[in-house]
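In: For reference, the sequence and a predicted model appear below.
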Amino acid sequence: MTRNGSAAGRPDGRGLNARLRRGLRAAARRLGPNRGDALLRLARAAADLLSGAPPPRGRRAALAGRRQRAAALRSTPPRPALTEVPELPPVDNGAAVRSIYVTGDGAVRFDVDLLEELNREYAPKPVVGEPPKYDVSSLAERARRRVMRVHDAVDLSNKRVLEVGCGRGYEVWYVANHLGSEAHGMDVQEYPSWTSLAGERVRYHLADFTRENPFPPDGFDRVYSFTAWEHIVHPRRAFAETFKVLRPGGLAWIRANLYRGSHASHLYRDIFFPWPHLLFSDEVIKEFFRRHGKPERGAAWVNRLTWEQYERIIEDIGFELRTLAFTERPFDEEFYRRFEGVLGRYPRADLTREYFTVVLEKSLA
């Protein structure tokens, strides 16, 4: 027997069951609404795998046929090459003479002049109409609304709670003083507001738990995070550490900005059109700010994971995905067509998804 109680050489049934359940749920989400027959086939295949039953006759025949064709391909020797290697004729080894793509003077140049032109065009209709304010009263009101949103989803009252990427820490204070919980906030930067807000049930930690986790395992009932995950350099490790610090049955509520969304550059106060970070280099963006006498900066650093990559990580870590929602913006079709040569590299669904919001559970098993 192995340490987990399974016979040597055989998979642990409980672990296999859990992995199959996660896989079936993920497959079901991708199949769409008309998925009854496909789900039935998936369930039958899973039952066969768990019971050790052989596949049905039709599948056995198909598998045998594929194996026979592969074996025949391997056993067929290649035709012999020419006995003598031919010599190349004289060749002009110069540069390409033409292209099916527009090049040279007619090509779109993603330079600062184009950026300025697009910005003037979109100034009356900016991609983010009302950017958030950062005065104390605005931050406090937004924090209160945020906390109640999370509370409505996962119940934050009278629990031990951690916020990942707490910033100035207003949400942490509300969790403790409005909902009666022991609230902890963690960030890689310390803010002066922490001193004023800290108290018996409000604690702040200057830490990066993907490098050194200051919290014991199974220590929190709830973990939440607002638009901080996209800035985490090691998001997979962050999910793993979140799983570690949650108690069995604990829940994590996470909202994150997706890189391919229209304003993931975080420059929407100054650059008004969509997807500037996908169209322009940081050097061009910095030149734009220099022209306007502002401190140089490029697009904000955002990890480039798609939702599908996040989902695989979540499942690999062992979380159960309880809820999933996307925040999307209307697709700017005319703008997309103008720059489809660049934007067409990305799935359209990715270009419309600004944020995802998930509730994850660390199961009791």
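Out: Okay, I see it. Because the structure is a prediction, the values reported are computed rather than measured.

In: C-alpha from now on. contacts and neighbour counts both.
Out: Fine.

In: At which residues are the helices of the stretch 151-300 of the chain located?
Out: 170-179, 193-197, 235-245, 276-279, 282-291 (DSSP state H, counting those that start in this stretch).

In: from those helices, which stretch is densest packed?
Out: helix 170-179 (a mean of 23; mean count of other C-alpha atoms under 10 Å).

In: ok, and what's touching that helix?
Out: 139-140, 143-144, 146-147, 156-158, 163, 166, 181-185, 197-198, 201-202 (C-alpha atoms under 8 Å, 6 or more residues apart in numbering).

In: Please repeat the previous calculation with a cut-off of 7 Å.
Out: The contact list for helix 170-179 (C-alpha atoms under 7 Å, 6 or more residues apart in numbering) reads 140, 143-144, 147, 156-158, 163, 181-185, 197, 201-202.

In: Also stretch 301-314?
Out: Stretch 301-314 has contacts (C-alpha under 7 Å, 6+ apart) with 230-231, 233, 236, 239, 258-259.

In: what's the answer for stretch 142-157, then?
Out: Against stretch 142-157 from outside (C-alpha under 7 Å, 6+ apart): 170-171, 174-175, 179-181, 251, 253.

In: same question, stretch 279-298
Out: With C-alpha under 7 Å, 6+ apart as the criterion, stretch 279-298 contacts 110-112, 299, 342.

In: With stretch 200-214 instead?
Out: Against stretch 200-214 from outside (C-alpha under 7 Å, 6+ apart): 172-173, 176, 182-190, 194, 198, 234, 237-238, 241.

In: and it, C-alpha only, in CSV?
Out: Output of stretch 200-214 as CSV, limited to C-alpha atoms (Å, rounded to 0.1, in the frame of the first residue of the first chain):
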residue,chain,number,x,y,z
GLU,A,200,-7.5,45.0,17.6
ARG,A,201,-9.4,43.3,14.7
VAL,A,202,-7.7,45.1,11.8
ARG,A,203,-4.1,44.1,10.9
TYR,A,204,-2.0,44.9,7.9
HIS,A,205,0.9,42.9,6.5
LEU,A,206,3.7,44.2,4.2
ALA,A,207,4.3,40.9,2.4
ASP,A,208,4.3,38.9,-0.9
PHE,A,209,3.0,35.5,0.0
THR,A,210,4.3,34.1,-3.3
ARG,A,211,7.8,34.6,-1.9
GLU,A,212,7.3,34.2,1.8
ASN,A,213,3.9,33.4,3.3
PRO,A,214,3.4,35.0,6.7
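
In: Okay, buried residues for it please.
Out: Using 16 or more other C-alpha atoms under 10 Å as the test for burial, stretch 200-214 gives 201-205, 207-210.

In: Could you count how many residues lie near residue 314?
Out: 18 (other C-alpha atoms under 10 Å).

In: How about residue 358?
Out: Neighbours around residue 358, by other C-alpha under 10 Å: 18.

In: State the phi and psi torsions of the nearest residue to it once chain neighbours are set aside.
Out: Nearest residue to residue 358 in three dimensions, chain neighbours excluded: residue 324, at 4.6 Å (C-alpha to C-alpha, 6 or more residues apart in numbering). Dihedral angles of residue 324 (phi, psi; degrees, to the nearest 10) stand at phi -140, psi 130.

In: ok, now which ones touch the closest residue to residue 260 other than its chain neighbours?
Out: Distance criterion C-alpha to C-alpha, 6+ apart; nearest residue to residue 260, sequence neighbours excluded, is residue 351 at 5.3 Å. By C-alpha under 7 Å, 6+ apart, the residues touching residue 351 are 260-262.

In: change it to 10 Å
Out: Contact analysis of residue 351 by C-alpha atoms under 10 Å, 6 or more residues apart in numbering lists 258-262, 274-275, 328-329, 331-332, 336, 343-344.

In: mind checking how far it is from residue 271?
Out: 17 Å (C-alpha to C-alpha, to the nearest Å).

In: do the same with residue 118
Out: 9 Å.

In: Give the residue from those two that has the larger number of neighbours.
Out: A direct count of neighbours by other C-alpha under 10 Å for residue 118 and residue 271 places residue 271 higher, at 25 against 17.

In: Identify the residue nearest that one in space, chain neighbours excluded?
Out: Per C-alpha to C-alpha, 6+ apart, closest to residue 271 is residue 119, 6.0 Å.

In: low-scoring stretches of the stretch 151-300 of the chain, by residue?
Out: The stretch 151-300 of the chain contains no residues with pLDDT under 70.

In: hang on, the earlier thing: so which of the buried residues of stretch 200-214 comes closest to residue 133?
Out: residue 204 (23.1 Å; C-alpha to C-alpha).

In: Any idea what the closest one is bridged to?
Out: Here residue 204 sits in beta bridges with residue 185, going by DSSP bridges.

In: and if you look at residue 251?
Out: residue 222, residue 361.

In: Could you pull up the residues touching it?
Out: 153-156, 161, 220-224, 242-243, 319-322, 359-363.
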